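[1] Need a 3D model of the following:
(one chain, ligands or ions: 4)
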Amino acid sequence: MTLVDTPLEESIGRQGAPTSDPALLAWVAEVAALTRPDRIVWANGSDAEWKALTDQLVDAGTITRLQAKPDSFLALSDPIDVARVEDRTFICSVDEADAGATNNWMDPALMKQIMTGLYDGCMRGRTMYVVPFCMGPFDAPVPKLGVEITDSEYVVISMKIMTRLGHKAIELIEAGQPWVKALHSLGAPLRPGQADVAWPCNETKYIVQFPEERAIWSFGSGYGGNALLGKKCYSLRIASAMARDEGWLAEHMLIMKLTSPEQQVHYVAAAFPSACGKTNLAMMEPTIPGWKVETLGDDIAWMTFGKDGRLYAVNPEYGLFGVAPGTGWATNPNAMRTIEQGHSLFTNVALTDDGDVWWEGMTDEPPAHLIDWRGRDWTPSGLDADGNTLASAGSPAAHPNSRFCTPITQCPILADEYADSVGVPISAILFGGRRKTTVPLVTQSRDWQQGVFMGATLSSETTAAATGAVGVVRRDPMAMLPFIGYDAGDYFAHWIDVGKGADADKLPKIFYVNWFRRDADGGFLWPGFGENSRVLKWIVERLDGSAAAVETPIGHVPAPGALDVDGLGLTVEQIEAALAVSPEEWAAEIPLIEEWFEHIGDTVPSTLRDELQSLKLRLGQG
Ligand code: GDP
Ligand code: PGA
Ligand code: MN
Ligand code: MN
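    Numbering: from 1, shown residues only. Ligands and ions are numbered 1, 2, ... in the order given. Alright, predicted model coming up:
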């Protein structure tokens, strides 16, 4: 970082720093000298700190205290700051080739020059918080430490929910453990006497990862995925680069524990793109008798080989940052039970007249009156009491990417193993996306290589979780398109290598699922949510070899009668339609996959090119 030539003492002193670690102190001083905050506060994650910060944010008008839920708050963001900004996200590797075809890249020195200009004085009039945190348990063999510097109180309280925030992280840093520098600013300095806005941010946004340095620079946004730097930036983009170097996997996956009626336990990990069903699957209530689901994680899994040769997964997060719309007592009762307990921060949902939150899909009927996510009156009819059309008419009351942020420890079905730094041995990995056509309800890969091919060619319709068009089909490899911290072809090769180095019997079996296939009328072919337990049951029975499957060109799908549809109320034709593998649809998919591999370029491993070639042969293309 280019230093601004100002004596330290002149900007900010070291008083009150809860550490004498020279590297940490030097970095804090360096950032303060550049960004020029009015004061520095070291966060410790205490309840007193939470109380002080939430009080302060209520006074500032950034959050509203909910009357109907204990210790819970609603934040309404600036409408320009509601989602991850993929076009403003950069992997600034030293060598451009290391960022690959799927990432934005800029020379790190040039990026630092540009951002140093933006950071210059960017915290004037604000408080700079130093937030020490750990991703995953503190007692991991190598704890994954970080320090986020931010000028956003909203970020500090969100980081308290989402990470293990506290002085213990500083102690481990002082003991010599490595840590990630994560710098964040809203980019909204205040002149003396200038009134603040409820949601400060900047039209210019940069979300930047420096993979070699293991550093993160974020500017201009207060939104979760852009600003809570422990989450996507560290635990996926930076961690994926660490994982490549060290032989493990950092993935966009939920982790769940499944217990069968015979008390057999299996741990399953599943990668679906943002807003494609991870949180729901991780917390689901099975509809089939005797099956039990417990939650370990809903967004990120770090997987390492154990001494026994199996792949073990840990959830690095401490909270849930879930999509609100669609979450209700009918679809995800365990999420509802988690947030009922309070201590939660909601963003861009609607406010009810009795001081509670509401969003589309929470209940069948909306309340008669709401304040929508833009702070406007909202009614189901779009009319006010006098029959005049409201400005909010025709828009959803909650933003489609509105979120609940809540401690995972409040989840009533959290598995005991959550706290275990060793993690849980994974039996099956699911890849999945949102496809109206083509992709069957469930397919099993022949082996690890074909499973990696399924993941590498995964496709899904875009969602509101990122800015840009919604509903456009794109390739989203392993649901990691926005999160791979290096070249995508090298990432595929890493997945292949992980499989090569392992005992095939001990590797997780790989499946591809699609809950979102539609019928001719546009309705979902499969009811989803708790009924997905039927698919999980077939998957578990495939692991022990008891369920029947038929081979198709793309992999194994349930044989007629093999999927437990007892009491589901679907016709045989409907189930066949959900499971169908259409040669025509797959023939149309081939050129898209070829184009995708073309786009990634020479680094696509030959194993995957061979998989594509044999798929073409099986489809009768030569
Ligand atoms: P995540 O972002 O991957 O964690 O996705 P969520 O679990 O939060 O789900 C995103 C959206 O998809 C929500 O609106 C859910 O209600 C919806 N959803 C989740 N699972 C299913 C399913 O099995 N079927 C259907 N039709 N919708 C689902
Ligand atoms: P999601 O997490 O996967 O639950 O949507 C947030 C994101 O990916 O932006
Ligand atoms: Mn995610
Ligand atoms: Mn989620």
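[2] Check which helix or strand the most far-flung residue of the chain relative to its centre maps to.
    Most distant residue from the mean C-alpha position of the chain: D386, 43.2 Å away (CA atoms, centre = their mean). Of the helices and strands defined by DSSP states H and E, none includes D386.
[3] how close does it get to L351?
    Remark: distance between D386 and L351 (CB to CB, to the nearest Å) = 22 Å. Using the backbone N, CA and C atoms, a C-beta is placed for each residue, glycine as well.
[4] Tell me which residue in the stretch 51-200 of the chain sits closest to ligand 4.
    Nearest residue of the stretch 51-200 of the chain to ligand 4, counting by CB to the ion: M162, 12.0 Å away.
[5] Could you check what's spatially nearest to C201, not counting adjacent residues?
    Spatial nearest neighbour of C201, chain neighbours left out: D81 (4.5 Å); criterion: CB to CB, 6 or more residues apart in numbering.
[6] let me redo that: V31
    Using CB to CB, 6+ apart and skipping the chain neighbours, the partner closest in space to V31 is I149 (5.2 Å).
[7] ok, now which ones touch the one you found?
    Applying CB atoms under 8 Å, 6 or more residues apart in numbering, we find I149 in contact with 27-28, 31, 128-131, 182-184.
[8] Let me have those in CSV, extended by secondary structure, neighbour count and pLDDT.
    Shown next, in CSV, are these (DSSP: H, G, I helix; E, B strand; the rest coil; neighbours: other CB atoms under 10 Å; pLDDT from 0 to 100):
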residue, secondary structure, neighbour count, pLDDT
W27, helix, 19, 98
V28, helix, 22, 97
V31, helix, 22, 98
M128, strand, 21, 98
Y129, strand, 24, 98
V130, strand, 24, 98
V131, strand, 27, 98
A182, strand, 25, 99
L183, strand, 23, 99
H184, strand, 27, 99
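[9] and of those residues, the nearest to E246?
    A182 (19.8 Å; CB to CB).
[10] So what pairs up with that closest one in the strands?
    With DSSP bridges as the criterion, A182 is bridged to E148, I216.
[11] OK, contacts around it?
    Counting by CB under 8 Å, 6+ apart, A182 touches 146-149, 215-216, 218, 229-230, 233-234.
[12] what about the helices in the stretch 1-150 of the chain?
    Applying DSSP state H, counting those that start in this stretch to the stretch 1-150 of the chain gives helices spanning 8-11, 22-35, 47-60, 108-119.
[13] Can you tell me how far the residue lying closest to G136 once chain neighbours are set aside is from P367?
    Nearest residue to G136, sequence neighbours excluded (CB to CB, 6+ apart): P316, at 4.2 Å. From P316 over to P367 the distance is 37 Å, taken as CB to CB.
[14] out of the two, which sits in the more crowded spot?
    More crowded of P316 and P367, by other CB atoms under 10 Å: P316, with 25 against 18.
[15] Excluding covalently adjacent residues, which one is nearest to P553?
    Excluding its sequence neighbours, the residue lying closest to P553 (CB to CB, 6+ apart) is R618, at 3.7 Å.
[16] neighbours of that neighbour, just the number please.
    14.
[17] Test my guess that T467 contacts A83.
    Yes. Taking CB atoms under 8 Å as the definition, T467 is a contact partner of A83 at 5.0 Å.
[18] Between these two, which has more neighbouring residues?
    Set side by side, T467 and A83 show more neighbours around A83, with 24 against 19, by other CB under 10 Å.
[19] which residues sit in contact with that one?
    223, 225, 401, 464-467 are the contacts of A83 under CB under 8 Å, 6+ apart.
[20] residue contacts, the residue in the chain positioned nearest to ligand 2?
    Nearest residue of the chain to ligand 2: S274, at 3.3 Å (CB to the nearest ligand atom). S274 is in contact with 84, 252, 463, 465-466, 479, 482, counting by CB under 8 Å, 6+ apart.
[21] Roughly how far does the residue in the stretch 251-400 of the chain that ligand 1 sits nearest to sit from G622?
    Per CB to the nearest ligand atom, G326 is where the stretch 251-400 of the chain lies closest to ligand 1, at 2.3 Å. To G622, G326 is 44 Å away according to CB to CB.
[22] higher neighbour count, the two?
    Taking neighbours as other CB under 10 Å, G326 and G622 compare with G326 leading, 18 against 6.
[23] returning to what we had before: neighbour-wise, which of the contacts of A182 leads?
    Most neighbours among the contacts of A182, by other CB under 10 Å: L229, with 32 neighbours.
[24] For that residue, grab phi and psi.
    The phi/psi pair for L229 (degrees, to the nearest 10) reads phi -70, psi -10.
[25] got it, and V472?
    The phi/psi pair for V472 (degrees, to the nearest 10) is phi -90, psi 130.
[26] What pLDDT does the model give it?
    pLDDT, V472: 94.
[27] which ones are touching the residue lying closest to it once chain neighbours are set aside?
    Nearest residue to V472 in three dimensions, chain neighbours excluded: T462, at 4.8 Å (CB to CB, 6+ apart). Listed by CB under 8 Å, 6+ apart, the contact partners of T462 are 468-472, 474.
[28] is ligand 1 contacted by the helix or strand containing F511?
    In this structure, F511 sits in strand 509-513 according to DSSP H and E. No. If you take CB under 6 Å from any ligand atom as the test, strand 509-513 misses ligand 1, and the best it gets is 9.2 Å.
[29] Check the average confidence over that strand, would you?
    The average pLDDT for strand 509-513 rounds to 98.
[30] what does the following helix or strand past that strand contact?
    Where DSSP H and E defines the elements, the next helix or strand beyond strand 509-513 is helix 533-543. Residues outside helix 533-543 that contact it (CB under 8 Å, 6+ apart) are 258, 260, 264, 266, 268, 284, 286-288, 291, 293, 427-428, 430, 441-442, 444, 509, 511, 513, 547, 549, 556, 558, 562-565, 568.
[31] Residues of the stretch 401-550 of the chain that sit close to ligand 2?
    A465.
[32] how about the helices in the stretch 401-550 of the chain?
    Under DSSP H, counting those that start in this stretch, the stretch 401-550 of the chain gives helices at 448-456, 488-500, 533-543.
[33] sorry, back to before: export the contacts of S274 to JSON lines and append columns for distance to V422.
    Formatted as JSON lines, the contacts of S274 follow (distance: CB to CB, whole Å):
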{"residue": "R84", "distance to V422": "31"}
{"residue": "H252", "distance to V422": "22"}
{"residue": "T463", "distance to V422": "34"}
{"residue": "A465", "distance to V422": "31"}
{"residue": "A466", "distance to V422": "34"}
{"residue": "A479", "distance to V422": "25"}
{"residue": "P482", "distance to V422": "29"}
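[34] who wins for most neighbours among those?
    H252 (25 neighbours).
[35] Within reach of ligand 4, which of the contacts of S274 are there?
    When contact is defined as CB under 5 Å from the ion, the contacts of S274 do not meet ligand 4 at all.
[36] and after the helix or strand harbouring I575, which helix or strand comes next?
    Using DSSP H and E, I575 maps to helix 572-579. Next in sequence after helix 572-579, counting helices and strands by DSSP H and E, comes helix 583-600.
[37] now the angle from the helix or strand following that next one to helix 488-500?
    The helix or strand immediately downstream of helix 583-600 is helix 606-618, counting by DSSP H and E. On the basis of axes from the mean of the first three to the mean of the last three CA atoms, to 10 degrees, helix 606-618 is oriented at 90 degrees to helix 488-500.
[38] Name the nearest residue to T363, sequence neighbours excluded.
    Closest to T363 by CB to CB, 6+ apart is G328, at 6.3 Å.
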